[in-house]
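Engineer: show me how the following folds:
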Amino acid sequence: MLLNLGCGTKTSNLKDAVNIDWSIFLRLKKISIIQPIIPLIFKGERLKNYKSISNDILVHNLKKGIPFKDNSVDAIFHSHVVEHIDRDYINIFINESYRVLKPGGILRIVCPDLHYLVEEYLSSYEKSKHDKDYAQNHDRYVSEILEQCVRKEANGSSNQKPFRRKLENFILGSARDRGETHQWMYDDVNLKLILEESCFKNIKKMIFNKSNIENWEAHKLESNEDGSEFKPHSLYLEAIK
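Structural biologist: Modelled structure (predicted):
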């Protein structure tokens, strides 16, 4: 059994996979009484995406733990989840993964790669010092690291017309309320240390289409329809219980 935690819209259709999420959009979809007003909240592509959310998702708040017994699952996967968890809670979250995995089970974590982002920033910094035209785009590299940490309003709502914007913010809350903001950033050094603190072993960097999880590519959780990388420049780590 594979647990796909914080799955969002990227779900596995294989019968041995369990998709789990707690997004506000998923919770809204479970409340039948408000479905008639959903078109007042979402329009166009956003409404299409809302309607396309899979019904094959276990709605569960992972702050309350992973809802499986000790030593009961073969693998756990989550992509771009850990950076949204408060740093003080991350060890508890990783310990939960260790608890439910079978001995020899695999934890696969994908998240933004702070090391890559900093290297890109430093490269831009050096070029910008000598090229004023290039410097016009330098803030983009700062944004890649900081924008999602300091964002107050959810990105989707901020681009809406005034009435819809107010309605969404009232119903759905701030960017932090929706779990959209980054609470910490990771590289292969600090994330490896956290995994070691939870007694994980054989911690290795991977690439998006290679894994020790059985039948990994068939889940199609890290690739687009054409086989390309779903979230380029991510950090991929795997560890064994």
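Engineer: what's the longest helix seen in the chain packed up against?
Structural biologist: Longest helix of the chain, by residue count under DSSP state H: helix 114-128. When contacts are defined as 3 or more C-beta pairs under 8 Å, 6 or more residues apart in numbering; DSSP states H and E, helix 114-128 packs onto helix 132-135, helix 139-150, strand 234-240. The C-beta positions use only the backbone N, C-alpha and C, and glycine is treated the same way.
Engineer: and the contacts of that helix?
Structural biologist: If you take C-beta atoms under 8 Å, 6 or more residues apart in numbering as the criterion, helix 114-128 is touched by 134-135, 137-138, 140-142, 144-145, 185-188, 233, 235.
Engineer: name only those of those that count as buried.
Structural biologist: Neighbour-count burial (16 or more other C-beta atoms under 10 Å) applied to those gives 138, 141, 144-145, 185-188, 235.
Engineer: of all those, which two lie farthest apart?
Structural biologist: Across those, the longest distance by C-beta to C-beta is 25.9 Å; it joins 138 and 188.
Engineer: break down the chain into its helices, ranges please.
Structural biologist: Under DSSP H, the chain gives helices at 24-29, 38-41, 44-51, 90-100, 114-128, 132-135, 139-150, 155-158, 162-172, 190-197, 216-219.
Engineer: alpha carbons only: can I get the first one in CSV?
Structural biologist: Extracted as CSV, the C-alpha positions of helix 24-29 are listed here (Å, rounded to 0.1, in the frame of the first residue of the first chain):
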residue,chain,number,x,y,z
ILE,A,24,-10.3,23.7,1.6
PHE,A,25,-11.4,23.0,-1.9
LEU,A,26,-11.8,19.3,-1.1
ARG,A,27,-13.7,20.0,2.1
LEU,A,28,-16.0,22.4,0.2
LYS,A,29,-16.7,19.7,-2.4
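Engineer: average pLDDT for it?
Structural biologist: For helix 24-29, the mean pLDDT works out to 77.
Engineer: with stretch 213-225 instead?
Structural biologist: Average pLDDT, stretch 213-225: 93.
Engineer: give me the contacts around it.
Structural biologist: So stretch 213-225 is in contact with 2, 4, 10, 12, 14, 17, 74-75, 77, 79, 106, 108, 110, 208-211, 229-231, 236, 238, going by C-beta under 8 Å, 6+ apart.
Engineer: and the pLDDT at the residue nearest in space to the middle of the chain?
Structural biologist: Nearest to the geometric centre of the chain sits residue 80, at 2.5 Å (C-alpha atoms, centre = their mean). If you check residue 80, the pLDDT there is 96.
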